[in-house]
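Participant: After the sequence you'll find the predicted model.
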Amino acid sequence: MPDREDKPSIPMPPWRVGVDTGGTFTDLVLLDGHGRVAATHKRLSTPDDPGRAVLEGIAALMDQVPGRGQLPGVVHGSTVATNAVLEGKGARAALVTTAGFEDVLYLARQDRPALYDLVPHKDPPPIPRERTVGVAERINYAGQVLQALTEAEIDRVVAQLKSLDIAAVAICLLHSYAHDAHERGLAEAIRAALPGVHLTVSSEVLPEMREYERTSTCVVNAVVGPTMSRYLGALDRVLGNGRLRIMASGGGTLPTRVVVERPVETVMSGPAGGVIGAWAMARAAGESRIIGFDMGGTSTDVSLCDHGPTRTTETKINAMPIRLPVIDIHTVGAGGGSIAWIDAGGALRVGPQSAGADPGPACYGRQGENPCITTVTDAHAVLGHLRDGRQLGDSLAVDHAAAIAAVGSIAAQLQLTIEEAAEGILRVADAAMARAIQRVSVQRGYDARAYTLVAFGGAGGLHACRLADLLGMTRVLIPVHGGLLSAYGMLAAPPRYAFSLAVLQTFMHDGEQYANPLQHPSVEHALNQLEQLADQALRDDGIAPADRTLHPALDLRFAGQSYEITVPIGHVRPPIDRFLDEHHRLYGYAPTGRAIEVVAARIEALGPVPTVTPGDTNLGRDTTALNKDSCEVFEHGQKQSWKRWDRDALTHGTQLPAGPAILEEYAATTVIPRCWSARVLYDGQILLEKKEPTRG
């Protein structure tokens, strides 16, 4: 497989901005023509109009580099699509499906997330039954037409859609992955009759089996389509056509014209940027096995990278499955802005609700004189991890008095001291985040102790060593600009497209071996089609043939199984041999002689990887003169004196004394507990290592 990092630079404007819009902050990083960080900026998000914070932030960045008249290229990770689904604020849409299957969104998979819940609650789907239109047609799994779609039926469907006052339509007919003629006929008629309506066609978005997942994916795409079209259109008009690219959930970038048609590709764009950034930093530090820990203001995202980011085709947003290739990320509602509260049984809880950007944590000073919300960030302020008056980004300063008042309300209910309540809030948050890390490691057969924890996000450094202690991990990497790493990672991501086609072909064992799927006409035809789609997408993106990389793969399973394993197609070993090895690694066995099914063919199409430089070497500076200070921190209810370091004063080779200490930088803070030491690497990253206490 070609080494993606050695590819030439992507043909974009030489100066580039990465923008990550989060629930609390909007982070921006500006790279110069050599891929070096030229400026950074962090500001509160504007949930009422996310684009306002983006444009104001870009203007603030450009003010830091006088003389730059031309706007740079922009790579943007957006939460607009995600929030539209989570908040139920998507467009008014309709679903067109085969008659008799109008209830597929309600039936779903009939699983119970809470097995012992006597009164389970299920959110209604984004498109209600009254806006679901059944179509008299039928195609079977082999693509044979059982009931033809007539012109009269098309006219009836179009007339019914006209009466619904809708902004979007999702078309998802039974088995259209095997034969899409009926969907294409309906789509053509709807486009002609309703030209202003955003249209999603399942055979274009997800030509794969599994009716519920395909329908759900298309419905999510439809309900967020109009919102994303308006949002990206407004940004494009201001920035200039062609300057804006969007971070996709799979870990690559896409032009806006593609995202407008397929906004579902962006549901995990911000966290995906964080994983790409963490992996780039880890590679630069010589690490190949990492667990990314991204703690922001609203949530925490964790992802395991074993010699590279891992991807999956299964994710959910608000219980709605999305079946598209995404970086495998597990998210929990525990961030710096997560709200502490007391449940009906008198137990302390943290999250998933968040104070967000407005009003934000009490210590931001935006809740007025009587703070009514207590957050994780307030607990850190009370304990001294965030000093009074500390600047957070360019517009906020820590207010200790407000934090004490907020945590005091929780302490009074629990009959604890304020410091005890603050420590309790952090322990509850730590437990939730530790479970998330175990979810992507231990529960999947990976020993977390063998990995390095890469901590980033505005609050990642505050909890990194605490979590490592809980999980038995002994190495933590704090990247350069860790509080802005998701924005940085977006600038390190290549153009990336992913396509798939259903195959559904069975291969029997003849007593000695399996036939090679690559020599079967249906598999060969599907791979050829995918290669043509991939080449066309990269060509339309202006990427030269020499800069294109294609990675084909097959989804395989044993006959009778419900889920597949995706195996890459290489030049050495046949796909079935690789499938058997991977099945054995994952599940501990691989039956001999059992029939194997090729369910789908896939291809990943990549453009060149952009030039990025992880950090500054700072060689030649005096490493003996360090800016150090002391600060008061509460630990186990006692006031202690800790060292405080200014990260900007630390240079290559600096070895800090063992903690406890606080490490401050522009967009983040790192807590270094006892028994942890810190060393500055050549590029400015900081490696924290656990040292066992001396026994005496």
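Facilitator: Nice, I can see it. Residues are numbered from 1 along each chain as shown.
Participant: where are the low-confidence patches of the stretch 551-696 of the chain?
Facilitator: 615-628, 693-696 (pLDDT under 70).
Participant: For it, just list every one of the helices.
Facilitator: Assigned by DSSP state H, counting those that start in this stretch, the helices in the stretch 551-696 of the chain fall at 575-587.
Participant: all strands of it, in order?
Facilitator: Secondary structure of the stretch 551-696 of the chain (DSSP state E, counting those that start in this stretch): strands at 565-568, 596-606, 628-635, 638-646, 655-656, 661-664, 669-672, 676-680, 686-690.
Participant: Also the stretch 1-150 of the chain?
Facilitator: Using DSSP E, counting those that start in this stretch, strands in the stretch 1-150 of the chain cover 16-21, 25-31, 37-44, 73-77, 93-98, 132-135, 138-139, 145-147.
Participant: nearest to residue 98, of the strands of the stretch 551-696 of the chain?
Facilitator: strand 596-606 (21.0 Å; C-beta to C-beta). Glycine gets a C-beta too; all of them are placed from N, C-alpha and C.
Participant: quick one: strands adjacent to that closest one?
Facilitator: strand 496-507 (antiparallel), strand 549-558 (antiparallel) (DSSP bridges).
Participant: As CSV, those with mean neighbour count and distance to residue 180 would be great.
Facilitator: Below are those laid out as CSV (neighbours: other C-beta atoms under 10 Å; distance: least, C-beta to C-beta, whole Å):
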stretch, mean neighbour count, distance to residue 180
strand 496-507, 20, 11
strand 549-558, 20, 19
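Participant: JSON lines for those, including distance to residue 374?
Facilitator: Putting those into JSON lines (distance: least, C-beta to C-beta, whole Å) gives the following:
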{"stretch": "strand 496-507", "distance to residue 374": "41"}
{"stretch": "strand 549-558", "distance to residue 374": "47"}
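Participant: Mind checking those strands for the one nearest to residue 307?
Facilitator: Among the strands paired with strand 596-606, if distance is taken as C-beta to C-beta, the winner is strand 549-558, at 15.0 Å.
Participant: how about the strands of the stretch 551-696 of the chain in a markdown table, adding distance to residue 589?
Facilitator: Formatted as a markdown table, the strands of the stretch 551-696 of the chain follow (distance: least, C-beta to C-beta, whole Å):
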| stretch | distance to residue 589 |
| --- | --- |
| strand 565-568 | 13 |
| strand 596-606 | 14 |
| strand 628-635 | 49 |
| strand 638-646 | 52 |
| strand 655-656 | 48 |
| strand 661-664 | 47 |
| strand 669-672 | 44 |
| strand 676-680 | 41 |
| strand 686-690 | 37 |
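Participant: Among the ones you listed, which comes closest to residue 206?
Facilitator: strand 596-606 (10.2 Å).
Participant: Deepest-packed of the strands of the stretch 551-696 of the chain, please.
Facilitator: strand 669-672 (a mean of 25; mean count of other C-beta atoms under 10 Å).
Participant: Alpha carbons of that one, as PDB, please.
Facilitator: The C-alpha trace of strand 669-672 is given here as PDB (Å, rounded to 0.1, in the frame of the first residue of the first chain):
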ATOM      1  CA  THR A 669      -4.100  23.400  30.200                       C
ATOM      2  CA  THR A 670      -2.400  20.200  31.200                       C
ATOM      3  CA  VAL A 671      -2.400  18.800  34.800                       C
ATOM      4  CA  ILE A 672       0.800  16.800  35.600                       C
END
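Participant: Next secondary structure after the helix or strand harbouring residue 272?
Facilitator: Using DSSP states H and E, residue 272 maps to helix 269-284. Scanning forward in sequence from helix 269-284 by DSSP H and E, the next helix or strand is strand 289-295.
Participant: Chain neighbours aside, what residue packs nearest to the residue nearest the centre of the chain?
Facilitator: Central residue of the chain (C-alpha atoms, centre = their mean): residue 271, 2.8 Å from the mean position. Nearest residue to residue 271, sequence neighbours excluded (C-beta to C-beta, 6 or more residues apart in numbering): residue 301, at 4.1 Å.
Participant: Give me the buried positions along the helix or strand containing the one you found.
Facilitator: Following DSSP H and E, one finds residue 301 within strand 300-306. By 16 or more other C-beta atoms under 10 Å, the buried positions in strand 300-306 come out as 300-305.
Participant: rewinding a little: on the pLDDT front, check the residue nearest to the centre of the chain for me.
Facilitator: For residue 271, the pLDDT comes out at 89.
Participant: I'd guessed it sits against residue 331; true?
Facilitator: Yes - the pair residue 271 / residue 331 is scored as a contact, 6.8 Å apart, by C-beta atoms under 8 Å.
Participant: Residues in contact with both of the two, list them for me.
Facilitator: residue 301 (C-beta atoms under 8 Å, 6 or more residues apart in numbering).
Participant: Quick check: phi and psi on residue 24?
Facilitator: Phi and psi for residue 24, reported as degrees, to the nearest 10, are phi -110, psi -50.
Participant: Isn't it up against residue 299?
Facilitator: No - here residue 24 does not reach residue 299: they are 10.0 Å apart, not a contact under C-beta under 8 Å.
Participant: residues shared between the contacts of those two?
Facilitator: With C-beta under 8 Å, 6+ apart as the test, residue 24 and residue 299 both reach 335, 354.
Participant: domain parsing for this structure?
Facilitator: Domains of the chain are assigned by automatic domain parsing as 89-223, 496-606.
Participant: Can you check which of the ones you listed gets nearest to residue 62?
Facilitator: domain 496-606 (25.1 Å).
Participant: returning to that earlier point: for the buried residues of strand 300-306, give me TSV that also has pLDDT and distance to residue 570.
Facilitator: Below are these laid out as TSV (pLDDT from 0 to 100; distance: C-beta to C-beta, whole Å):
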residue	pLDDT	distance to residue 570
300	90	36
301	91	31
302	95	30
303	95	25
304	95	23
305	95	21
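Participant: Any chance of TSV for these, columns distance to residue 415?
Facilitator: Shown next, in TSV, are the buried residues of strand 300-306 (distance: C-beta to C-beta, whole Å):
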residue	distance to residue 415
300	29
301	35
302	34
303	39
304	41
305	44
